[in-house]
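*Asks:* Quick one, structure for this:
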Amino acid sequence: MVNGTVMLALRENPLGGGVSAEQLRRIGKELERHGLELRWAADARDARATLQTEVGIAAAVVAWDLPAGRARGGGSRGPEADDGSGEAAARAGEAGDDRTPAVGADVLAHIRRRFKDLPVFLVMTDDSEHDLDRLPLWVSEAVVGYIWPLEDTPAFIAGRVATAARTYHKEILPPFFRALRRFDDAHEYSWHTPAHSGGVAFLKSPAGRAFFDYYGERLFRSDLSISVGELGSLFEHNGPIGEAERNAARVFGAERTYFVLHGDSTADRMVGHYSVTADEIALVDRNCHKSVLHGLVISGARPVYLVPTRNGYGLAGPLPPAEIAPSGVAARIAANPLTPGAVSADPQYAVVTNSTYDGLCYDTVAAARALAPSTPRLHFDEAWFAYARFHPLYAGRYGMAVGPDTFEGPDRPTVFATQSTHKLLAALSQCAMVHVRPAPRAPVEHERFNEAFMMHGTTSPLYPAIASLDVATAMMDGTQGQWLIDEAVTEAIRFRQAVVRTGRRIAAAGDRPDWFFGAWQPDTVTDPATGATMPFAEAPTALLARDPGCWQLAPGAPWHGFRDLADGHCLLDPVKVTLTCPGVTATGATQEWGIPARVLTAYLATRGIVVEKTDSYSTLVLFSMGITKGKWGTLMDALMDFKNLYDSDAPLDGVLPELVEQFPRRYARTSLRALCLQMHEHLTRADFISSLDTAFQQLPLPVHPPQHCYRQLIRGGTERLRLADAAGRVAAAMVTVTPPGIPVLMPGESTGATDGPLLRYLRALEAFDRAFPGFHSEAHGVTVDSETGDYLIECLRRPEEPAGR
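*Replies:* Have a look, this model is predicted:
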């Protein structure tokens, strides 16, 4: 018996009369006898719908002369209408004749984009037997065989299809997941850890039984010990685990790939710990994740920070080209007080965030060329960018694009890319990968790197997590990977255009205040084929989904607001959608009225919509592979509802009832519009975004390496101080404020003067939190006094101060 579904896309109606229809019914019955489910498609439109929704298809039987079907707006849907690319029509013309291409070609092309190696049988009719040698050449690559329904018995035809489906089912499983299923199917007793023994232990307790029933037996049966040698070892990288890692390296374009089970944070620490040692210099993108700092603490390295640009929304931009050029790097190193105590003034390691939280991604080959004179090792932290290799929009924009084929010569650095696979691909939480492309100037010996891997890994890995990394790899292998990412890109584009069009419709209607939210993106795009420039909202979806030029940050363009960029240096990722609110512009202009984004996202949360990040006047939403039109349509509806509530000056207790209930003295008898006005005026008076920009551009003075501060923290050499008492002190712990989610103060850095950039910004945050309870910033490294609301930060004690608290 075979499990799975067979799509039968045929011209004949199997319920109709005639010999052909009867034969098709018999073939269908025989397929069902093999355990296969049938999905009949009467035309190309039905076939495409089936391919879109039925991912469990194990084989397809397609008629070359399949009817096109009726498009939604009426009329025939031709083969080129599938995605606007005309791929099927172009391929059909490869035969060299001038006939109109058959619609079956469109379905075959769709299958090739949607599935990897799906067995497809092409159905021919008696009057087409002489046309076999006139089919386009690519058809023989797309099908595994041909069927003339009346020339063989139904049992034989069905047997061929069932055999192909069975083989397909076996081969689609990636190495480790296949071995894990095989082991699970053996139903062996467990004589090793974990102690729940396939979940049996949970059945001996009421709470355990509830836990078992909630997750199901299979999870616990596949939760195994490293004692199961036939599944391989995560530390030895052998057996099916090693095979899965090697397969991932092939798919992601690496020379070597390592599976990491404690998230990209562990992957960052792992790479940093391997790449740089005590008192060596590391070049660090200031827009980095805190795990990068943790790696510096562990290694004892001395960081020299590279400073990204910022725009009027307060969004962190890319590192400008001048910042990563040899002269810029040399200037940063020379000006850093920690350099004289370093082993050498030559950096051994550089780490760059790609893409940024807000979706800005570099030309990585150009970035590698710029940094190569300064460092032999380059680490791209791609926590939010694991999908980049699988779509042409991101060509040359990811770490593994840097290799001997794109960067020739002895100067090429070794490149690491750490990716949080679970964030925007399909893997379980905490699942990540390290990809490596070594260069001769900084070889990466597996045995040496594996020491760092084992220091940060676990001897008790969760096997379902390993399997999810294996499956995430398989899902991206081949054209199906591009199809999956293309769907997310396309839906993000449609949403972006819908936001702009909705704003235009509101302005044109004239029956309501003419404001709406915006999408952070170019105002216009240019078609490279024609040279025509058009508004973003009117551009064809296919153009926006295929041409990277539509998303590049042109130097000086007001829509992005970043300074000092170069052509092609940076690209905006369309799947990371930043919604902008009235109040400020990308170039920093402040408007008379505004809607701070924290109010909007608080409302969205009441609608069950949780955004990824909120800044002062913008909020970020992610369009991952799980996006649907229904999902983003719900967001559009919520944005319109918020506008209506704001325009009608709705009472706040009807918009954010839990907020008013929690803080009645502050928000009772307040309206939504009044709250937005109060918050906007507060942010404007405090010059909040300007203070943020200054704090992130004018970095605090380094005094000690981070590792020194950590030792003091552990041994009682630190104290918590209020901001009023913190001037001129040295930070002992990192301070990261969300928004924007970037470290503003690193361990070992001076807090500066009372009226300096850092303390002025932190006092502005403190004052905001007091003025608007319930909208406080998430500040890691800051303790808030529950009675006074004062911020306290961890600082090194002065030498004369006692260690007791």
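
*Asks:* show me where the stretch 501-650 of the chain has strands.
*Replies:* 518-519, 524-526, 533-535, 570-572, 576-580, 613-614, 618-622 (DSSP state E, counting those that start in this stretch).

*Asks:* Can you flag the weakest of these by average pLDDT?
*Replies:* Among the strands of the stretch 501-650 of the chain, strand 613-614 carries the lowest mean pLDDT, at a mean of 92.

*Asks:* partner strands of it, parallel or antiparallel?
*Replies:* Using DSSP bridges, the strands paired with strand 613-614 in its sheet are strand 618-622 (antiparallel).

*Asks:* Neighbours of residue 610, how many?
*Replies:* Neighbours of residue 610 under the rule other C-beta atoms under 10 Å: 9. From N, CA and C alone the C-beta is placed, and that goes for glycine too.

*Asks:* That one and residue 109, how far apart?
*Replies:* 38 Å (C-beta to C-beta, to the nearest Å).

*Asks:* Over to residue 350?
*Replies:* Counting by C-beta to C-beta - residue 350 and residue 109 are separated by 43 Å.

*Asks:* One more: residue 501?
*Replies:* Residue 501 is 30 Å from residue 109, by C-beta to C-beta.

*Asks:* These two - which one has more neighbours?
*Replies:* residue 109 (24 against 14).

*Asks:* The helix or strand hosting the more buried one packs against which elements?
*Replies:* For residue 109, the host element (DSSP states H and E) is helix 103-114. Contacts defined by 3 or more C-beta pairs under 8 Å, 6 or more residues apart in numbering; DSSP states H and E place helix 103-114 against helix 44-53, strand 57-63, helix 87-92, strand 120-123, helix 139-142, helix 479-509.

*Asks:* Not counting sequence-adjacent ones, nearest residue to residue 28?
*Replies:* residue 38 (5.3 Å; C-beta to C-beta, 6 or more residues apart in numbering).

*Asks:* isn't that neighbour right next to residue 8, touching?
*Replies:* Yes: Residue 38 is within contact range of residue 8, at 6.0 Å (criterion: C-beta atoms under 8 Å).

*Asks:* any shared contact partners between those two?
*Replies:* residue 28 (C-beta atoms under 8 Å, 6 or more residues apart in numbering).

*Asks:* These two: who's more crowded?
*Replies:* residue 8 (25 against 15).

*Asks:* so what's the more buried one bridging to?
*Replies:* According to DSSP bridges, the residues that bridge with residue 8 are residue 40, residue 61.

*Asks:* Pull the number of nearby residues for residue 674.
*Replies:* Residue 674: 14 neighbours (other C-beta under 10 Å).

*Asks:* ok, now which ones touch it?
*Replies:* 649, 652 are the contacts of residue 674 under C-beta under 8 Å, 6+ apart.

*Asks:* likewise the one 3 residues further on?
*Replies:* Shown here is residue 677, whose contacts under the criterion C-beta under 8 Å, 6+ apart are residue 593.

*Asks:* Quick check: it is in a strand.
*Replies:* No: with DSSP: H, G, I helix; E, B strand; the rest coil as the criterion, residue 677 is helix rather than part of a strand.

*Asks:* mind starting the numbering at 899 from now?
*Replies:* Okay, using 899 as the starting number, the last item reads as residue 1575.

*Asks:* Now do it against residue 1491, distance only.
*Replies:* 7 Å.

*Asks:* give me the number of residues near residue 1584?
*Replies:* Neighbours of residue 1584 (other C-beta under 10 Å): 18.

*Asks:* Next, the contact list for residue 1537, please.
*Replies:* By C-beta under 8 Å, 6+ apart, the neighbours of residue 1537 are 1397, 1400, 1414-1415, 1477.

*Asks:* is it possible to export these to JSON lines including neighbour count and distance to residue 925?
*Replies:* Shown next, in JSON lines, are these (neighbours: other C-beta atoms under 10 Å; distance: C-beta to C-beta, whole Å):
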{"residue": "1397", "neighbour count": "22", "distance to residue 925": "49"}
{"residue": "1400", "neighbour count": "17", "distance to residue 925": "50"}
{"residue": "1414", "neighbour count": "20", "distance to residue 925": "55"}
{"residue": "1415", "neighbour count": "22", "distance to residue 925": "54"}
{"residue": "1477", "neighbour count": "24", "distance to residue 925": "52"}
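
*Asks:* Could you work out the most separated pair of those?
*Replies:* Using C-beta to C-beta, the pair of these lying farthest apart is 1400 and 1477, separated by 11.8 Å.

*Asks:* Mind checking the strands of the stretch 1399-1548 of the chain for the one nearest to residue 1686?
*Replies:* Closest among the strands of the stretch 1399-1548 of the chain, once you apply C-beta to C-beta, is strand 1511-1512, at 25.5 Å.
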